[in-house]
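*Asks:* fold the following and give me the result.
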Amino acid sequence: MSRDALEQNQIPIYFVAVIAAAIGGLIAPAAAQSLNVLVTPTIAVLMYAMFLQIPFLDFRESLSNKRFMSALLIANFVLIPLLVWALTRGLAEHPAVLIGALLVLLTPCIDYVVVFTHIGRGDSRAILAATPILLLLQLALLPVYLAFMLGEQSQVVISIAPFAEAFLALIVAPLLLAVATAALAKRSRVVDSWNTVWAWMPVPAMAAVLIAVVGSQISPVVRDIDQLLPVIPVYIGFMLLAPVVGALASRAYKLPSSTARAVTFSTSTRNSLVVLPLALALPEEIRGLAAAAIITQTLVELVGEIVYIRAVPVLIWREKPLRTS
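*Replies:* Numbers count the residues shown, from 1 in each chain. Prediction:
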């Protein structure tokens, strides 16, 4: 199979990976739990493979694009919180599930959103350049959102450590390694050949991430499914409406198609693997169910992303792009 054929068949590959991982996780839950230790390494490998495909030029231009940054930040930190607040009002009687849902839905993704944006023909360089800002703002605003939306249940301690560790392990380290590899490739045939081999890796690496996440987490979700049922319509509603929020914000700021798709993927992709440690640090009586609620969102989102990477390039306008500023 050629590299082009591999990329053209990525959607069925991802579907097979998700289904196989779910079946394996249910048949052999004890063995599947061991996949949990592979989640962070496989995401790091995925990010490295992705970063090798990105020409690291014009990052300053991406950050100076005021329309893009305005649309991205307004969508993620004003419009999406309003949507989340509206969607989660029915979870007030399920505090553990509510906390888990808020933790994950209020935090925009800072890692594999870059990959999905690239696959979905969005401006992955712009999203990558914006990740530090997205990280800092969610750190600052998440306690504020929780205090408002949880009310009397807002005594949740938010630690910066999981965010910082994830940013270093999943963004900074693979990014620096990819930049170093690209620089050495200009002077070494061996490293250049290494780059050529890794050009095949984004699709297999994404499949590996799906297998690790779904396989390791499907069992607790199924175990607690009766208590998680109220949150599933919330996640489906978010999956359907979040891209609309991103598209509307992009339209309001008259973004060209590539950056509009980037904003759309950012609003639709959440920071589930980073906030999971936050849920595990909650009081014992709610931590298990809150974590399961976050994992449930991951499973719903993975299905959504498989749809997004095909639908977003088609549905986010295809007319001649406007000039960016």
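*Asks:* what's the closest non-adjacent residue to Arg251?
*Replies:* Leaving out its chain neighbours, the residue that sits closest to Arg251 by CB to CB, 6 or more residues apart in numbering is Ala260, at 7.4 Å. The way it works is simple: take the backbone N, C-alpha and C, and place the C-beta from them, glycine included.
*Asks:* repeat for Tyr14
*Replies:* Ile306 (5.2 Å).
*Asks:* what strand or helix carries the one you found?
*Replies:* helix 284-315 (DSSP states H and E).
*Asks:* may I see the buried residues of that helix?
*Replies:* Applying a neighbour-count criterion of 16 or more other CB atoms under 10 Å, one finds 286-302, 304-306, 308-309, 312-313 buried in helix 284-315.
*Asks:* same question, stretch 192-201
*Replies:* Of the residues in stretch 192-201, those buried (16+ other CB under 10 Å) are 195, 198, 201.
*Asks:* and if you look at stretch 177-189?
*Replies:* For stretch 177-189, the neighbour count (16+ other CB under 10 Å) marks 178, 181-182, 185 as buried.
*Asks:* now do the contacts for the nearest residue to Ala242 once chain neighbours are set aside.
*Replies:* The shortest distance from Ala242 to any non-neighbouring residue, by CB to CB, 6+ apart, is to Ser268 (4.4 Å). Counting by CB atoms under 8 Å, 6 or more residues apart in numbering, Ser268 touches 239, 242-243, 246, 301, 304-305, 308.
*Asks:* now for the closest residue to Gln297 other than its chain neighbours, how many residues are close by?
*Replies:* Nearest residue to Gln297 in three dimensions, chain neighbours excluded: Val104, at 4.7 Å (CB to CB, 6+ apart). Here the number of neighbours of Val104 (other CB atoms under 10 Å) works out to 30.
*Asks:* and Val104, which of the three is it?
*Replies:* Secondary structure, DSSP: H, G, I helix; E, B strand; the rest coil: Val104 is helix.
*Asks:* that one contacts Ala292, doesn't it?
*Replies:* No - look at Val104 against Ala292 with CB atoms under 8 Å: they stay out of range, at 11.3 Å.
*Asks:* now the host helix or strand of Leu139, how far from the chain's geometric center?
*Replies:* Element membership of Leu139, judged by DSSP H and E, is helix 124-150. Remark: helix 124-150 is offset 13 Å from the chain centroid, using CA atoms, centre = their mean, to the nearest Å.
*Asks:* make 7 the starting number, not 1.
*Replies:* OK, 7 is where the count begins now, so the last one is helix 130-156.
*Asks:* for the stretch 157-306 of the chain, give me the ranges with low pLDDT.
*Replies:* For the stretch 157-306 of the chain, residues meeting the criterion pLDDT under 70 lie at 158-166, 169, 286.
*Asks:* what packs against the helix or strand harbouring Val251?
*Replies:* Assigned by DSSP H and E, Val251 belongs to helix 238-258. Counting by 3 or more CB pairs under 8 Å, 6 or more residues apart in numbering; DSSP states H and E, the packing neighbours recorded for helix 238-258 are helix 72-80, helix 86-93, helix 101-111, helix 263-274, helix 290-321.
*Asks:* one more time with 7 Å, if that's ok
*Replies:* In terms of contacts (3 or more CB pairs under 7 Å, 6 or more residues apart in numbering; DSSP states H and E), helix 238-258 is packed against helix 72-80, helix 86-93, helix 263-274, helix 290-321.
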